[in-house]
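Engineer: model this:
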Amino acid sequence: MNRIEPAGRGGEARIRYLDGDYQILSPGAFVRCAVTGVAIPLDELKYWNVAHQEAYADPATCLARHKQLGLTWS
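Structural biologist: Sure thing, here's the model as predicted:
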């Protein structure tokens, strides 16, 4: 059986990342990690950088990117 989804809901979303929340600019099912390129389902999106408007797949990737950007103390 095929699952039918509304047009535009299964692709990549465009998101504006805010402090503690995000705004969906274009609907979709996922965003891409800025570091790894892996698809992150919107219901699993937890890590992003507001200033750089980037999403991250997991805490380790987020920390590595923040270190690269000089945003950590260690």
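Engineer: Just want the most central residue of this structure.
Structural biologist: For the chain, the residue whose C-alpha lies nearest the mean C-alpha position (Cα atoms, centre = their mean) is Ala55; its distance is 3.2 Å.
Engineer: Look up which helix or strand that one falls in, please.
Structural biologist: Element membership of Ala55, judged by DSSP states H and E, is strand 54-56.
Engineer: Touching that strand from outside, list them.
Structural biologist: The contact list for strand 54-56, computed with Cβ atoms under 8 Å, 6 or more residues apart in numbering, reads 15, 17, 31-35, 40, 45, 47-49, 62, 65. Just so you know, the C-beta spots here come from the backbone N, C-alpha and C atoms, and that holds for glycine as well.
Engineer: what do you get if the cut-off is 6 Å, keeping everything else the same?
Structural biologist: Applying Cβ atoms under 6 Å, 6 or more residues apart in numbering, the set of residues contacting strand 54-56 from outside is 31, 33-34, 40, 47-48, 62.
Engineer: Of these, grab the buried ones for ChimeraX.
Structural biologist: To isolate the buried ones among the contacts of strand 54-56 in ChimeraX, judged by 16 or more other Cβ atoms under 10 Å, type:
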select :31,33,34,40,47,48,62
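Engineer: So which of the contacts of strand 54-56 belong to helices?
Structural biologist: Cys62 (DSSP state H).
Engineer: now for the contacts of strand 54-56, which pair is the farthest apart?
Structural biologist: Val31 and Cys62 (13.6 Å; Cβ to Cβ).
Engineer: Dihedrals phi and psi, Tyr17?
Structural biologist: Dihedral pair for Tyr17: phi -80, psi 130, per degrees, to the nearest 10.
Engineer: Spatially, which residue comes closest to it, not counting chain neighbours?
Structural biologist: Of all residues beyond its chain neighbours, the one nearest Tyr17 is Trp48 (4.4 Å), with distances taken as Cβ to Cβ, 6 or more residues apart in numbering.
Engineer: Quickly list what the one you found is bridged to.
Structural biologist: Note on Trp48: beta-bridge partners by DSSP bridges are Ala55.
Engineer: Please tabulate the contacts of strand 54-56 in JSON lines, including the columns distance to Gln23 and pLDDT.
Structural biologist: Output for these, formatted as JSON lines (distance: Cβ to Cβ, whole Å; pLDDT from 0 to 100):
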{"residue": "Val31", "distance to Gln23": "12", "pLDDT": "98"}
{"residue": "Cys33", "distance to Gln23": "19", "pLDDT": "98"}
{"residue": "Ala34", "distance to Gln23": "18", "pLDDT": "97"}
{"residue": "Ile40", "distance to Gln23": "16", "pLDDT": "98"}
{"residue": "Tyr47", "distance to Gln23": "17", "pLDDT": "97"}
{"residue": "Trp48", "distance to Gln23": "12", "pLDDT": "97"}
{"residue": "Cys62", "distance to Gln23": "20", "pLDDT": "96"}
